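> Fold the stuff below for me.
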Amino acid sequence: MFRISGVGKGEREKGIGGTQRNPAPMNPLRKLFRFCASLKLAVIVIVLLSVVLGMATFYESKYDASTASHLVYGSLWFALLLAALGVNVLCAALIRYPWKRHQIGFVVTHLGILVVLVGSFVSRQAGFDSTMALSEGQTTNLVTLDVPKLYWRVGDATAPTGAGSSWKQRSAEFRWRPPTSQDPTRCALSDGFTCVVDRYIHNAQAVTRYVPANGVPSRGGLTPVAPSPSPSAAASAAPSTSPSAAASAAPARPDASSPHPAVEFTITAGPGAALPAGSVMAHRWLSTADATDSRVQLGPATVRIVEASSDADAQRILATRPSAADPADGLIVYRPVGKPPIVLPVVG
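Numbering: from 1, shown residues only. So this is what the prediction gives:
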């Protein structure tokens, strides 16, 4: 015959003839520490990071790295997610202290993750993204920062830079909160002036539309349909290694109100070239409206448009060509609409 002893308060029956006390309530801090070191938290954080990084990769491929950095990598919630990962890794290592010899790999792995996370925090606080363009053998200590700038000119806008006028700049970020006419952005400039920005277009590009001199739009906005009677335009070129080149266009104007002439410049492959004869090798417009648009560099060759003051001046410019006794390496053919073509031999 067996006798079962009584079970007091706070005790539970373990078996016949014995009892076991209920465990004491766990300290809240220790309970929190165990959760921070748990595998459950690790799985949650890793899954969230995978989803977020996939979203950031989508933004970076669709827009650019700056957009992904602003919306994801540089956001506060992403920093908190990385902090949660760091806490989980640290607690998972500390909860196993003192470490055994066979846990050396485990400790080193977790320490490496913590070093990477600390490095990302330092980069977030004190680092910057930039690019450096270098040619072979070139050295430089300059980098290009992805920091939007607002430029303005002080002084006489018609005077060359440094002779009565100068350019100034300041940081100006409009991408993430574009200004509107109802909510403009005010930027303080020099000498007490204030710039009011009421519209911002991201990745805007200036597009020049060429029209014939008589004001009739050309087909597709590219090929003029009538020549300009005045002023005269002439195309000149430095030595070129291309088998042949053709500048096929009438003088045109960037827009109906601009007085600057322009020509459409096309280089086509000739006999002996690597491409089939007649293939377009280069195509662009040359205009006297801007120094950048007035010339094109094609390897060792420089092709430019020069605005002549008169027909006599144009003939003088066109007469500056290699000697007829020198063998020509190629030809520059200028074909004004309604006029005979002008052939310029090019000597390398």
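> what about the strands in the stretch 151-300 of the chain?
For the stretch 151-300 of the chain, applying DSSP state E, counting those that start in this stretch gives strands covering 165-171, 185-188, 194-197, 211-212, 233-237, 245-248, 252-253, 262-268, 280-287, 295-298.
> if I look at residue 142, how far off is residue 133?
To residue 133, residue 142 is 9 Å away according to CB to CB, to the nearest Å. C-betas here are computed from N, CA, C, even on glycine.
> give me every residue that touches residue 90.
The contact partners of residue 90, by CB atoms under 8 Å, 6 or more residues apart in numbering, come to 110, 114.
> where does it land in three-state SS?
Following DSSP: H, G, I helix; E, B strand; the rest coil, the label given to residue 90 is helix.
> hmm, back to that, quick one, which of the strands of the stretch 151-300 of the chain is packed in tightest?
strand 252-253 (a mean of 25; mean count of other CB atoms under 10 Å).
> What mean pLDDT does that one get?
For strand 252-253, the mean pLDDT works out to 46.
> Over to stretch 199-217?
Here stretch 199-217 scores 71 as its mean pLDDT.
> What of stretch 109-125?
For stretch 109-125, mean pLDDT is 92.
> swap in stretch 183-193?
Stretch 183-193 comes out at a mean pLDDT of 84.
> what's the span of that stretch from first residue to last?
End-to-end distance of stretch 183-193 (CA to CA, to the nearest Å): 19 Å.
> ok, now stretch 155-170?
17 Å.
> now the closest residue to residue 73 other than its chain neighbours: how far from residue 262?
Leaving out its chain neighbours, the residue that sits closest to residue 73 by CB to CB, 6 or more residues apart in numbering is residue 56, at 6.4 Å. In this view, residue 56 and residue 262 are 44 Å apart by CB to CB.
> From residue 176, how far out is residue 107?
Note on residue 107: its distance to residue 176, by CB to CB, is 42 Å.
> more crowded one of the two?
Between residue 107 and residue 176, counted using other CB atoms under 10 Å, residue 107 has the larger neighbour count: 14 against 10.
> Surely the more buried one is in contact with residue 93?
Yes. Residue 107 is within contact range of residue 93, at 5.9 Å (criterion: CB atoms under 8 Å).
> part of a helix, is the residue nearest to residue 73?
Yes. Remark: residue 56 belongs to a helix, assigned using three-state DSSP.
> OK, contacts around it?
When the contact criterion is CB under 8 Å, 6+ apart, the partners of residue 56 are 68, 71, 72, 73.
> Is there a quick ChimeraX command that grabs whichever of the residues you listed are buried?
In ChimeraX syntax, the buried subset of the contacts of residue 56 is picked out as below (16 or more other CB atoms under 10 Å):
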select :68,71,72,73
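> can you pull out the helices in the stretch 1-150 of the chain?
28-36, 39-62, 65-68, 76-94, 104-126 (DSSP state H, counting those that start in this stretch).
> in the longest one, what's buried?
Same thing as helix 39-62. Result for helix 39-62 [16+ other CB under 10 Å]: buried residues 41, 42, 45, 52, 56, 59, 60.
> Which secondary structure element of the protein has the lowest mean pLDDT?
Using mean pLDDT, DSSP states H and E, strand 233-237 stands out as the lowest-scoring helix or strand of the chain, at a mean of 36.
> Let me know how buried the residue nearest to residue 42 when sequence neighbours are not counted is, in neighbour terms.
With sequence-adjacent residues excluded and distances taken as CB to CB, 6+ apart, residue 42 is closest to residue 88, at 5.2 Å. Per other CB under 10 Å, the neighbour tally for residue 88 reads 24.
> and the gap between residue 88 and residue 116?
14 Å.
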